[in-house]
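# Give me coordinates for this.
(2 chains)
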Amino acid sequence: MKCVVTGSNVKVLGKAVHSLSRIGDELYLEPLDDGLSLRTVNSSRSAYACFLFAPLFFQQYQPTTPGQDLLRCKILMKSFLSIFRSLAMLEKTVEKCYISLNDRSSCLVVQLHYKYGVKKTHNLSFQDCESLQAVFSPASCPHVLRAPARILGEAVLPFPLALAEVTLGIGRGRRVILRSYQEKEEADSTTKAMVTEMSIGEEDFQQLQAPEGVAITFCLKEFRGLLSFAESANLPLTIHFDAPGRPAIFTIEDSLLDGHFVLATLLELDIHSQDQSSSEPHQQARSTAHQDNFASDDIDSYMIAMETTVGSEGSRALPSVSLTPGPQHHSNPGPDSEEDEDEAEPSPVPGTPPPKKFRSLFFGSILAPPHSPQGPNPVLAEDSDGEG
Amino acid sequence: MPFLTQRVQAETDQYCFVASLDNVRNFSTILKAIHFRDHATCFTTKNGIKVTVENAKCVQANAFIQAEVFQEFLVQEETVVFRVNLTVLLDCLSIFGSNPMPGTLTALRMCYQGYGHPLMLFLEEGGVVTVCKINTQEPEETLDFGFGNANVTSKIILLSEGLREAFSELDMTSEVLQITISPDKPYFRLSTFGNAGSSHLDYPKDCDLMETFQCNQTQVNRYKLSLLKPSTKALVLSCKVSIRTDDRGFLSLQYLIKNEDGHTCFVDYYCSPDEDVPAAESPV
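Residues are numbered from 1 along each chain as shown, chains lettered A, B, ... in the order given. Here you go, the predicted structure:
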């Protein structure tokens, strides 16, 4: 594999590496016929990110050396990141970047050409690896939001840096709400009584295809990473999501590159009930309802479900109404229930995580070349919710 | 004026070394550039002050502050030598804050009575005077690297901006920095060998960064990165750097630093090479 990146695209590449570095410790680099792909997954496999740089992104792109197989490799994120550490410097002084991968040298060579003819060559040792591919299908997600990255970037700006998760939902009047997420312990303690909430009007969105009351909670750190990339590239960000507990897919696209981030979402059992017109916020009724809901569950999931319930209590705009497990919040759909949804992708996400935090796997990595047909993935995490 | 001269005359009788300057930063900035160990030996002659810091008997840094930098500079003996705690000295020099408000300058008067006496500092800013007495120590013998011009095998003068990024981004997981200087390609190469792999930084012989390039014979030497890294402090301040190696592989880095008043000061580093250079190292 050999490719040459020039001019401002070097910074774009660097910026992509920076946002990938927010997720995983290892970088999977795979030259494909339709472009160079950079992927990573976090250690708990609850977040996955992929950038694909189209051949046009490069001044020269040659995925295979004649007579050689497609090579792919896995390198330490830290060492790759260090090459692109200073983005300001990349922009100012780097004119060209050569990346090459071949069998003989058994290292990934990244060469930066600076002003004045100064040249820096990095020989990174790499590991052979299987292709990393998350199973996801934006097409199967019923809800879609699209907005300029700047709008979303500004909306997450006020959140404290230490905040782990954020809840994104559609509120009254089809306003998009971003709210800091609190766990039960936090919500209980009086010391952490602050909830930050940002509300964005529908008119700021290029697409808003989601009913009022839906909401998902996901990690902010990874989201910020993608946002900063999308903002610098001045691209709109599309968020595809489904019920809580199902992964949310964040995409950016232009003619030269596309990026996909797949993030696990928290399983929140009552968030859908937000903003329905009832006025009596009585926790009593809700917890009873939950007890009913989970009568058949194991204690673990019961407790976590309680966590999320009380956690969302932090919002005053949360009247509790019908907790009937209606059809629209099939938070733990069985594998059969989604067969009809997938078209583009060979198999849908195999299973939703047990209702814990993002500790669980929510997608599998296919250990086969991306072209080969694949059977359904093994369920990596069994549904813990028996009822469906 | 005669009164002032008189006073100075009286003082010089008492002190063997007196120096004063309007802007203490012209002095302290240069000292910071060599501040990688606690203790420093100061040599004062009528030409100025040389402050020397050493580490591990392998690296030596010298800061030269010429007499012209000072408004007053008197040395009674041929050479006055004393050793002080550099950390303490720098703390005292920045006692009014290291980043003073624009427009305000801290003035310094520095006096030393001689062997066994403390170094006296009078610092004044906005009418407030601080007097510091720093105990001096027995001067230790400093290393003589014997870096003579006759033995220099290669000499490169570079604009510092070309090296600054390189040094700040050195792969610190590498134990050594390998410097290759060669009359043919790659001319001047800095290499590191870290956990993640190796990296080489090549400078062409004739570019705008390179002011001088003299080399007749390929030389590959390794230096402990931990010993060289502190020189980054001087590099950051400097506008030019001269890199020389001699036939034994010793390295001399000489930084030309312009202070706020436009005077030129020098900081130089000497470093001995790492012993076990692989014999089969090919210079390509």
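# I'd like the next helix or strand past the strand or helix carrying A:His240.
Using DSSP states H and E, A:His240 falls within strand A:236-241. Using DSSP H and E, the helix or strand that follows strand A:236-241 towards the C-terminus is strand A:248-253.
# Okay, now the unreliable bits of chain B?
B:1-12, B:100, B:276-284 (pLDDT under 70).
# residues from it in reach of chain A?
B:162, B:165-166, B:169, B:171, B:194-204, B:207-209 (Cβ under 8 Å from any Cβ of the partner chain). The C-beta positions use only the backbone N, C-alpha and C, and glycine is treated the same way.
# 6 Å instead?
Taking Cβ under 6 Å from any Cβ of the partner chain as the measure of proximity, chain B contacts chain A at B:165, B:196-204, B:207-209.
# Give me the buried subset of these.
Among the residues of chain B next to chain A, those buried by neighbour count (16 or more other Cβ atoms under 10 Å in any protein chain shown) are B:Glu165, B:Ala196, B:Gly197, B:Ser198, B:Ser199, B:His200, B:Leu201, B:Asp202, B:Tyr203, B:Pro204, B:Cys207, B:Leu209.
# Tabulate those residues (a markdown table), appending secondary structure.
Supplementary listing: those in a markdown table, determined by DSSP: H, G, I helix; E, B strand; the rest coil:
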| residue | secondary structure |
| --- | --- |
| B:Glu165 | helix |
| B:Ala196 | coil |
| B:Gly197 | strand |
| B:Ser198 | strand |
| B:Ser199 | strand |
| B:His200 | strand |
| B:Leu201 | strand |
| B:Asp202 | strand |
| B:Tyr203 | strand |
| B:Pro204 | coil |
| B:Cys207 | coil |
| B:Leu209 | coil |
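# With adjacent residues omitted, what lies nearest to residue 108?
With no chain named, the answer covers chain A. Using Cβ to Cβ, 6 or more residues apart in numbering or on different chains and skipping the chain neighbours, the partner closest in space to A:Leu108 is A:Leu124 (4.5 Å).
# actually chain B
Nearest one to B:Leu108, counting by Cβ to Cβ, 6+ apart, is B:Val24 at 4.3 Å.
# The residue nearest to A:Leu108 and B:Ser199, how far apart?
9 Å (Cβ to Cβ, to the nearest Å).
# And A:Thr40, by the same measure?
22 Å.
# cool, and B:Ile157?
24 Å.
# For stretch A:195-203, buried residues please.
A:Glu197, A:Met198, A:Ile200.
# just to revisit the earlier point, how about JSON lines for the residues of chain B next to chain A, with distance to A:Ala134 added?
Shown next, in JSON lines, are these (distance: Cβ to Cβ, whole Å):
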{"residue": "B:Glu165", "distance to A:Ala134": "36"}
{"residue": "B:Ala196", "distance to A:Ala134": "26"}
{"residue": "B:Gly197", "distance to A:Ala134": "28"}
{"residue": "B:Ser198", "distance to A:Ala134": "33"}
{"residue": "B:Ser199", "distance to A:Ala134": "32"}
{"residue": "B:His200", "distance to A:Ala134": "36"}
{"residue": "B:Leu201", "distance to A:Ala134": "37"}
{"residue": "B:Asp202", "distance to A:Ala134": "39"}
{"residue": "B:Tyr203", "distance to A:Ala134": "43"}
{"residue": "B:Pro204", "distance to A:Ala134": "44"}
{"residue": "B:Cys207", "distance to A:Ala134": "46"}
{"residue": "B:Asp208", "distance to A:Ala134": "48"}
{"residue": "B:Leu209", "distance to A:Ala134": "45"}
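# Could you pull up the contacting residues of the residue in chain B positioned nearest to chain A?
Here chain B gets closest to chain A at one residue, B:Ala196, 3.0 Å apart by Cβ to the nearest Cβ. Contacts for B:Ala196 (Cβ atoms under 6 Å, 6 or more residues apart in numbering or on different chains) come out as A:Leu76, A:Ser79, A:Leu124.
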